[in-house]
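S.K.: Next comes the sequence, and after it the predicted model I'd like to discuss.
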Amino acid sequence: MFRSTVHAERLRFTQAPQTAVHFPGTGTRESTSHSHRTHLPDPVTPGQEYQDVTVAYYLATRLTREPEASDPAP
């Protein structure tokens, strides 16, 4: 599990961010990720300034079974 919180007094995006979460490797997984935003819409508007922004991000993953010998290597 990973959890992080960031805060910015002022924040401006020059372009819309592109985000992705990947879990490399073998084995079946259960995964989840989400964020809680304060004063930051989803999606953001490039060029607009946002003030007093807080983002709390949560990510968790776990293997649901052991990789099998026939599973390809990462």
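M.R.: Structure received. What you are looking at is a predicted structure, and each value in this text was computed from that prediction instead of being measured.
S.K.: strand partners of the helix or strand bottoming out on mean pLDDT in the chain, parallel vs antiparallel please.
M.R.: Using mean pLDDT, DSSP states H and E, the weakest-scoring helix or strand in the chain turns out to be strand 29-38, at a mean of 92. For strand 29-38, the paired strands and their directions (DSSP bridges) read strand 49-63 (antiparallel).
S.K.: Show me the contact partners of the partner strand.
M.R.: For strand 49-63, the external contacting residues (Cβ atoms under 8 Å, 6 or more residues apart in numbering) are 1-12, 21, 23, 27-40, 44. Where C-beta positions appear, they are placed from N, C-alpha and C, glycine not excepted.
S.K.: try stretch 9-16
M.R.: Taking Cβ under 8 Å, 6+ apart as the rule, stretch 9-16 contacts 40, 43-53.
S.K.: Can you mark which positions in the least confident helix or strand of the chain are buried?
M.R.: For strand 29-38, burial by neighbour count (16 or more other Cβ atoms under 10 Å) applies to no residue.
S.K.: do stretch 49-58 as well
M.R.: 50, 53, 55, 57.
S.K.: Ok, stretch 20-30 next?
M.R.: Going by 16+ other Cβ under 10 Å, stretch 20-30 has no buried residues at all.
S.K.: Next, count neighbours for Phe13.
M.R.: A total of 15 residues lie near Phe13 under the criterion other Cβ atoms under 10 Å.
S.K.: same thing with Leu59?
M.R.: Residues near Leu59, counting by other Cβ under 10 Å: 15.
S.K.: Across the sheet, point out what pairs with it.
M.R.: Counting by DSSP bridges, the residues bridging with Leu59 are Phe2, Ser33.
S.K.: Could you report the pLDDT at it?
M.R.: With respect to pLDDT, Leu59 scores 94.
S.K.: So it versus Gln15, what's the distance?
M.R.: Distance, Leu59 to Gln15, by Cβ to Cβ, to the nearest Å: 24 Å.
S.K.: what does Thr38 give?
M.R.: From Thr38 to Gln15 the distance is 22 Å (Cβ to Cβ).
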